[in-house]
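# A structural model of the following input is requested.
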Amino acid sequence: MDKPKNNTITIKINGDSRPYKEDNKRQETVRVPETKEMVTPAQPEQAAALEAGEESFEWILPEFEPAETPKEYIIKEATESASIYPKAVKPSKSSKPAFQFNTLNLKPIIVPVIFAILIGVTLGAGMLKLLISGDGVEEAITPTNAVTPADREKPVSAGKTAAATLQPITTFAVQEGIYTNKDSATSVKEELVSKGIPAAVFDKDGQAMMLVGVAASIEDAKEVGAALKAKGIEIYAKEVAFPEKDAGKLAEQDAAFLKKVPALYEGLSNAAAANITGGSTGEAAKNAQSELQKIDESKLKNGAIKSMYGELTGAATLLAGTLDEAGSIKAQQHLLDFLALYQSF
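Got it, this is the predicted structure:
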């Protein structure tokens with residue numbers, strides 16, 4: 001067998017050669033004793049390969065580094081997949097949690113507030129509507145000689161009712177003219193009144209009849225017409241009749257007043273004509289005024305009947321005193337307006 005050769009051992013740590021040094025500062029060659037292996041007949045080729053191989057080798061030792069501190073993980077389970085999140089580091093300083101508005105449950109508060117607002121708005125609108133309807137009512141202005149259906153058909157709120165009838169009235173009047181329609185007659189009426197001439201429009205077989213004065217007889221009507229003719233109008237004295245008419249169900253006070261109307265009008269028309277013709281007016285006017293004062297106006301229920309009462313009372317008050325020409329015109333106007341109301345009832 002051959003003598004063993006000197007072999008050198010080289011140590012590499014992470015790829016860097018590190019020479020081995022002894023403490024006495026000298027290098028020694030590390031000798032590795034030869035080992036003999038028993039070659040079995042089954043391994044002739046392996047033994048030959050080992051003898052032919054290199055007799056030197058290197059030891060490579062890994063460089064040891066301090067192990068990293070292991071991280072902790074929190075595994076959160078999800079419905080479909082699991083996610084791994086690093087464990088959150090708790091703050092070193094203790095602090096109070098910040099107020100979060102969205103963490104409050106506002107539903108129990110919001111619902112009552114909304115209902116309260118809706119109720120308040122509804123009540124406020126209702127009160128405002130009542131105030132507006134109460135304060136904003138405008139008083140309708142109707143002609144004194146017109147009877148509205150509401151006045152005639154006004155229901156009796158209290159007291160007993162009775163069947164009433166408008167008694168027939170026959171009078172003598174001064175006619176200014178007849179017009180084909182009421183609008184034309186109304187326009188002429190306004191012109192006459194502006195000139196100081198009493199006037200009222202009546203229905204006459206579908207046409208509009210303009211009367212400008214009343215009297216108790218045809219002779220008195222002609223004298224009244226002559227006085228008015230001096231104001232520049234054409235006149236025609238005639239008899240005018242207002243037939244009996246069913247007035248329907250009325251309160252007892254209203255029905256009683258209608259029964260007295262023909263006599264009251266006759267006395268006042270005599271006084272009005274006498275004032276123009278130069279006759280005595282005092283006695284007839286005072287008698288009519290006395291009868292009217294016996295009627296309690298506050299007990300009259302029907303609006304149209306109240307208007308009739310007012311026109312007769314106005315004429316009686318004027319004719320019972322000392323009248324000038326203007327007073328006579330006003331008394332005639334009251335009587336004409338009364339007749340217009342009586343016809344339209």
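# burial of K222, as a residue count?
16 (other C-beta atoms under 10 Å). Bear in mind the C-beta positions are built from the backbone N, C-alpha and C, glycine included.
# tell me the spacing between it and N270.
Distance of K222 to N270, computed by C-beta to C-beta, to the nearest Å: 15 Å.
# can you confirm K301 is in a strand?
No: K301: not assigned to a strand; according to DSSP: H, G, I helix; E, B strand; the rest coil it is coil.
# that one contacts A251, doesn't it?
Yes: proximity of K301 to A251 meets the contact threshold set by C-beta atoms under 8 Å, at 4.3 Å.
# packing partners for the longest helix seen in the chain?
Using DSSP state H, we find that the single longest helix of the chain is helix 107-135. Using 3 or more C-beta pairs under 8 Å, 6 or more residues apart in numbering; DSSP states H and E as the contact definition, helix 107-135 packs against no other helix or strand.
# as a whole number, average confidence for it?
Predicted confidence along helix 107-135 averages 75 (mean pLDDT).
# in that helix, what counts as buried?
Within helix 107-135, no residue counts as buried by 16 or more other C-beta atoms under 10 Å.
# in which helix or strand does K189 reside?
helix 182-194 (DSSP states H and E).
# next one: V174
If you go by DSSP H and E, V174 is part of strand 169-179.
# dump that strand to CSV, restricted to CA.
Output for strand 169-179, consisting of C-alpha atoms alone and laid out as CSV, is shown next (Å, rounded to 0.1, in the frame of the first residue of the first chain):
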residue,chain,number,x,y,z
ILE,A,169,-150.7,95.7,-4.0
THR,A,170,-152.1,98.2,-6.5
THR,A,171,-150.4,101.6,-6.9
PHE,A,172,-150.2,104.5,-9.3
ALA,A,173,-146.8,105.2,-10.6
VAL,A,174,-144.9,107.5,-13.0
GLN,A,175,-143.3,105.5,-15.8
GLU,A,176,-140.2,106.9,-17.5
GLY,A,177,-140.0,104.2,-20.2
ILE,A,178,-139.7,100.5,-21.1
TYR,A,179,-136.5,98.8,-22.2
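# show the end-to-end separation of stretch 227-240, please.
Distances were taken as C-alpha to C-alpha, to the nearest Å; on that basis the terminal residues of stretch 227-240 are 20 Å apart.
# quick check: buried residues in that stretch?
Going through stretch 227-240 with 16+ other C-beta under 10 Å, the ones that come out buried are L228, I233, I235, A237, V240.
# tabulate those (TSV), appending distance to P112, pLDDT and secondary structure.
Rendered in TSV, the data for the buried residues of stretch 227-240 read as follows (distance: C-beta to C-beta, whole Å; pLDDT from 0 to 100; DSSP: H, G, I helix; E, B strand; the rest coil):
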residue	distance to P112	pLDDT	secondary structure
L228	79	88	helix
I233	79	88	coil
I235	81	89	coil
A237	83	94	strand
V240	75	96	strand
